[in-house]
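S.K.: My questions are about this predicted structure, shown below with the sequence.
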Amino acid sequence: MRSKTLWVLPLVGLLSACSSLQSSQAPAGFPDAPSADEMNRVSPAFKHYTDDVVLEDLWHRPGLAPRERSIITLSTLITQRQDVELPYHFNKALDNGVTPEELSEIITQLAFYTGWGNSTNAVAILSDVFDARGIDNSDLPAEPANPLPIDMESEQAREQLVDENFGDVSPGVVQYTTDALFRDLWLRPGLAPRDRSLVTVSALVASGQPDQVTFHLNRAMDNGLTQEEAQETLTQLAFYAGWPRVFSAMPVFRSVFESRGLIDADG
């Protein structure tokens, strides 16, 4: 078994360091990250693509800052319960400027959009990362004193549309959609609206929910996400969520771009 220290080193990229670590037990309940020797012994091709394509190329592409790439990647890994990669990417996110409070809010946002169990799983892993870095979020307010302002005209239109379509299907879902999501969760100031949208769009693509992307991609762009950033979001997601889910989402992205006059509908 490898040292717990391995959980706070990059999973890939510092592979040479992995082989020199003292061996002991990894955090209980979670799988070990592979060492450089294991990666090379099992699949030299995978190690090559990891080192040369993902880490040395993808993460350095223009169009998205490393901080945003970390947010997209973490949202994908939490959504898909890819536990082995999470410790590395939690650390990478902190190194890329994502704050502990923002990590807390990312996990909270994903509970609503990918399921409570996924966020519970992420809390258990992030707790070990925080322990290793001496971070404690327990002083953060569970309920913010000063929520973000709400656009009542837009919210009332959304609420009316949802109620007309689904009020007789599940009044409970409709109620919580308004009270818990759009008049509470989305108004939490610990994560900027643009970033909250980026988390949500990434999770929807990663979970194969393209039907929900239209609303949330438009919301993301209303919140400041640019076309180039949206395009690069898909590129990042291709590697971490997989090509099929990205190709399933691309027609929706095209439709949103066309509706906003960003690309030619006939092109």
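M.R.: Arrived safely. Numbers count the residues shown, from 1 in each chain.

S.K.: and the residue most central in space within the chain, helix, strand or coil?
M.R.: The residue lying closest to the centre of the chain (CA atoms, centre = their mean) is residue 75, at 1.5 Å. Residue 75 falls in the helix class when you classify it by DSSP: H, G, I helix; E, B strand; the rest coil.

S.K.: wait, it sits on residue 195?
M.R.: No - when contacts are counted by CB atoms under 8 Å, residue 75 is not listed as touching residue 195 (10.0 Å). (Each C-beta comes from the backbone N, C-alpha and C, glycine too.)

S.K.: What residues of stretch 248-260 count as buried?
M.R.: For stretch 248-260, the neighbour count (16 or more other CB atoms under 10 Å) marks 249, 250, 252, 253, 256, 257 as buried.

S.K.: Could you do stretch 215-233 as well?
M.R.: 216, 217, 218, 219, 220, 221, 223, 225, 229, 230, 232, 233.

S.K.: wait, which of those is closest to residue 36?
M.R.: Distance to residue 36 across the buried residues of stretch 215-233 (CB to CB) is lowest for residue 232, with 29.1 Å.

S.K.: If we ignore the residues flanking it in sequence, what's nearest that closest one?
M.R.: Computed as CB to CB, 6 or more residues apart in numbering, the closest residue to residue 232 that is not its neighbour in sequence is residue 63, at 3.8 Å.

S.K.: Pretty sure the one you found sits against residue 230.
M.R.: No - the criterion here is CB under 8 Å, and residue 63 misses it with residue 230 at 9.5 Å.

S.K.: returning to what we had before: tell me, how many residues neighbour the residue nearest to residue 232?
M.R.: If you count neighbours by other CB atoms under 10 Å, residue 63 ends up with 16.
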